[in-house]
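> I'll drop the sequence and a predicted model, then ask my questions.
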Amino acid sequence: MKVVVIGGTGLIGSKLVAKLYEHGHEAVPAAPNTGVNTLTGEGLAEVLEGASVVVDVSNSPSFEDDAVMEFFRTSTTNLLKAEADAGVTHHVALSVVGTERLQESGYFRAKQVQEELIKDSGIPYSIVHATQFFEFMKGIAASATDGHTVRLAPAKIQPIYSDDVAAAVGRTAVGTPVNGVVEVAGPDTFQLNELIREGLAAKNDPRTVVADPYATYFGAELQETTLLPGPDAHIAGTHFTDWLAQQD
C-alpha cells in the first residue's frame with residue numbers, strides 16, 4: 001500500500017514513515033524539504049500518483065491567528081483537491097483532543113476548519129484526536145511563562161508519547177476509514193500545572209509554576225475536563241515518568 005505522509009519529516013511524520021515501512025508499506029514522506037508544498041500545491045500531483053492513503057500530520061509554522069488559519073485552510077483545500085484528482089481512497093488527519101471545546105483559541109479554530117473541510121470533502125476519512133505529546137510540555141511551559149513564573153490552569157490532562165501517537169495514526173491509516181474521530185491518550189491523568197512542574201523540576205528549571213484557574217491555554221480558558229479524551233479513547237502504554245527518566 002502506498003501511503004503519502006504530509007509532514008513526513010517532522011516529529012510524528014518521521015516516526016510514522018518508519019513504522020509503515022517496517023510493516024511493508026510504501027511510505028513516502030512529503031514536505032517542503034522533499035519538494036512537496038501543500039500551500040502552493042507544488043509536487044502534490046506527482047507524489048500522490050498511485051497513493052491509496054494520505055496521512056496529514058503537518059503543522060503550521062506560525063501559531064499567529066491569521067497565519068495558522070491560512071495554513072490549515074489553504075493546505076487542506078489543496079491537498080483534498082489533489083487527492084480527489086488522484087483517486088485517493090482514505091484521508092487521515094492528526095488533530096487534538098478537545099479541539100471543538102477550545103474555539104477561543106485561534107489555533108484550535110483553524111484545526112476545526114481543517115476537520116470540517118475533511119468531513120465535507122467526500123473522500124473517506126479518519127481523524128485521529130491525540131492528547132498533547134510529552135514532547136510538547138516545553139512549549140506549553142513557554143507559552144505560559146511570565147518572567148520566572150509559569151501560570152497554568154489546574155485542568156486535567158492525559159499526555160501521550162509521540163511514538164504512541166505515530167503507532168495509533170499508522171494503525172488508522174492501514175485500516176478501514178471510520179468517517180469519524182478516533183481518540184488516543186496516554187495512560188496517566190495529571191493536573192496541567194503539576195505535570196509542567198514535574199517536567200521543569202526534572203530539567204532543574206528554576207521557574208515557579210502557579211495554579212491559576214483563569215490562566216488561558218493558547219488563548220482559551222480551560223474547564224477541568226477540556227483536555228481529556230472520552231471513554232472510548234485508545235489508551236497508550238508509555239508513562240510520562242518513564243519517558244522523563246530517559247531524557248537527557
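That came through fine. Predicted model only: the values in this text are computed from it and were never measured.

> following the longest helix along the chain, which helix or strand shows up next?
Ranked by residue count and defined by DSSP state H, the top helix of the chain is helix 65-86. Downstream of helix 65-86, the first helix or strand assigned by DSSP states H and E is strand 90-96.

> relative orientation of that next one and helix 65-86 in degrees?
160 degrees (axes from the mean of the first three to the mean of the last three Cα atoms, to 10 degrees).

> Please name the strands paired to strand 90-96 in the sheet, noting orientation.
Paired strands of strand 90-96, with direction, are strand 53-56 (parallel), strand 125-130 (parallel) (DSSP bridges).

> Low-confidence stretches in this protein?
Within the chain, no stretch has pLDDT under 70.

> hang on, the earlier thing: buried residues in the longest helix of the chain?
Buried residues in helix 65-86, counted by 16 or more other Cβ atoms under 10 Å: 68-69, 71-72, 75-80, 82-83, 86. Glycine gets a C-beta too; all of them are placed from N, C-alpha and C.

> same check, this time on stretch 147-154
By neighbour count, with 16+ other Cβ under 10 Å as the criterion, the buried positions of stretch 147-154 are Val150, Arg151, Leu152, Ala153, Pro154.

> who touches that stretch?
Identification of contacts with stretch 147-154 by Cβ atoms under 8 Å, 6 or more residues apart in numbering yields 140-141, 144, 191-194, 196, 200, 206-217, 221-222, 224.

> Kindly check the end-to-end length of it for me.
Terminal residues of stretch 147-154 lie 20 Å apart, using Cα to Cα, to the nearest Å.

> from the chain's centre, how far out does that stretch sit?
Distance of stretch 147-154 from the chain centroid (Cα atoms, centre = their mean, to the nearest Å) equals 23 Å.

> if I look at Gln247, how far off is Glu42?
As judged by Cβ to Cβ, to the nearest Å, Gln247 and Glu42 stand 37 Å apart.

> How about Leu16?
According to Cβ to Cβ, Leu16 and Glu42 sit 22 Å apart.

> Ok, Asn33 next?
Distance from Asn33 to Glu42, by Cβ to Cβ: 12 Å.

> Check Asp164 too.
Counting by Cβ to Cβ, the gap from Asp164 to Glu42 is 32 Å.

> rewinding a little: now the buried residues of helix 65-86 as JSON lines including distance to Val54?
Shown next, in JSON lines, are the buried residues of helix 65-86 (distance: Cβ to Cβ, whole Å):
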{"residue": "Val68", "distance to Val54": "21"}
{"residue": "Met69", "distance to Val54": "21"}
{"residue": "Phe71", "distance to Val54": "17"}
{"residue": "Phe72", "distance to Val54": "15"}
{"residue": "Ser75", "distance to Val54": "12"}
{"residue": "Thr76", "distance to Val54": "11"}
{"residue": "Thr77", "distance to Val54": "14"}
{"residue": "Asn78", "distance to Val54": "12"}
{"residue": "Leu79", "distance to Val54": "7"}
{"residue": "Leu80", "distance to Val54": "9"}
{"residue": "Ala82", "distance to Val54": "9"}
{"residue": "Glu83", "distance to Val54": "6"}
{"residue": "Ala86", "distance to Val54": "9"}
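
> sorry, back to before: between Leu16 and Glu42, which has more neighbouring residues?
Set Leu16 next to Glu42 and count neighbours by other Cβ atoms under 10 Å: Leu16 wins out with 30 against 14.

> hang on, the more buried one is in a strand, isn't it?
No - under DSSP: H, G, I helix; E, B strand; the rest coil, Leu16 falls outside any strand and is assigned helix.

> Now it: closest residue in space, sequence neighbours ignored.
Excluding its sequence neighbours, the residue lying closest to Leu16 (Cβ to Cβ, 6 or more residues apart in numbering) is Ala166, at 4.5 Å.
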